[in-house]
Each structure stands twice: as structure tokens, then as C-alpha cells.
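S.K.: A structural model of the following input is requested.
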Amino acid sequence: MVITGLYFAVGAAAAGALLGALVHPWAGAPFYVFALFCLWFFRDPEREIPQGPYAVSPADGKIVRIKQTPGETVVSIFMNVFDVHVNRAPVGGKVVDVEYKPGRFLAANRDEASVQNEMNTITIDGRGTVVRFSQIAGLIARRVVCYKKPGDFVTAGERVGLIRFGSRVDVHLGPEWRLRVREGGRVRAGSSILAEMTPKE
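M.R.: Numbering: from 1, shown residues only. This is a model prediction of the structure:
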């Protein structure tokens, strides 16, 4: 479990206990329910990372858009409140840039969210490929958390951050990648393969 969830749960439970002591034992029940929800929401299960020339999903969720242009493919993954919200590196390599951009809090399943919402974009130089992915805040999510900084090295599927309470992740892949997913499909962070690198001629 992410330590943040423990803080939320302890705080909610303490508020429930205080309200129960001051008003009525049942008055704190909603806070206890919220505490249990936080423990569940901030779960962080282990994942089996596939080995090979793959880009894995950085997030749990549904693929709501795939946008392909001659030089780039963007895969957008929407995380609802029931998905695990820990984000993982799609490829291994060196973190060359981490850029935070303030913005709006539109519903994360809307295309405009990829441009207008608050986001944190991480760029990884993965030995022959450069992959960018953006942690995008949503209507409910108001906090994007990133554990990495430029100069750090990551492995594919390694935990790199999280987004609280519903959001979106956009993955930018170059022409050297061949997609292994489709719109409407569901993926799991670290264990689902988004794309496979095509061999160099």
C-alpha cells in the first residue's frame, strides 16, 4: 500500500473517533468508511513485468484514445476511481526530463484534458528510443505525484509516481514502436504490453 493512503486512513479514523466521542458513537461511521476506502484505493499490488523489447502500460485503466501521426503514436489511458493509481515506467532507461505544467481539472476522459489539464510529463531515454508519458490530473484528482527526477535511472515497470482519485496517463511513442493494444481495451500498469519495438533494419 502507498504510504499516502495510510496517512489519509489514520486521519479519517482519528476524526471519526473524535466525533464519536463528542457526539455519538455512530457519528464517526462515515469517517471509518472513508478510512477503509483510502486503504483500498491506495493499494499497490506487485506485478510481473514482461521481459523483452516492450513498452508496458504506465497505468491501470481503459484505453480511451489512440492517436497516430506519421512520427508519433499517443496512447491515452483513463483511470477511474476503482483502478490502481500507482504509475510505472513504460520503458527502462534514464529520466532526462520531468516537466510540471499547471492547468485545469477537466474530466480526464475528455480529449481536451491532454492539453488543458494540470500534468507532469516524464521523458525517458531508453537506449535507442525516447518515450514520454504524462500524468494528467482529472475532475476529481487534484494531486499528481512523481517520485523521479532528471538523472535517475528506471527499469521498465518500476514505480514512478501516482495520481490521487481518478485521472489519465498519455504515452507518446515514436515510429519505432508497433502497437499491441486497441481503443477500448483495459491494461494494467507494468504487466500489460502497450507496444513492441520493431527490429532495426
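S.K.: what's near enough to touch the residue nearest to residue 84 when sequence neighbours are not counted?
M.R.: Nearest residue to residue 84 in three dimensions, chain neighbours excluded: residue 60, at 4.5 Å (CB to CB, 6 or more residues apart in numbering). C-betas here are computed from N, CA, C, even on glycine. Residue 60 makes contact with 77, 79, 83, 84, 85, 187, 188, 189 under the criterion CB atoms under 8 Å, 6 or more residues apart in numbering.
S.K.: Show me the residue at the heart of this structure, geometrically.
M.R.: Centroid check for the chain by CA atoms, centre = their mean gives residue 87 as the closest residue, at 3.6 Å.
S.K.: packing partners for whichever strand or helix holds that residue?
M.R.: Per DSSP states H and E: residue 87 is located in strand 86-88. Under the contact criterion of 3 or more CB pairs under 8 Å, 6 or more residues apart in numbering; DSSP states H and E, strand 86-88 touches strand 159-163.
S.K.: so what strands line up beside the strand it packs on?
M.R.: According to DSSP bridges, strand 159-163 has the following sheet partners: strand 86-88 (antiparallel), strand 144-146 (antiparallel).
S.K.: Off-centre distance for that strand?
M.R.: Its chain's average C-alpha position is 6 Å from that of strand 159-163, according to CA atoms, centre = their mean, to the nearest Å.
S.K.: what's the following helix or strand after it?
M.R.: Using DSSP H and E, the helix or strand that follows strand 159-163 in sequence is strand 167-173.
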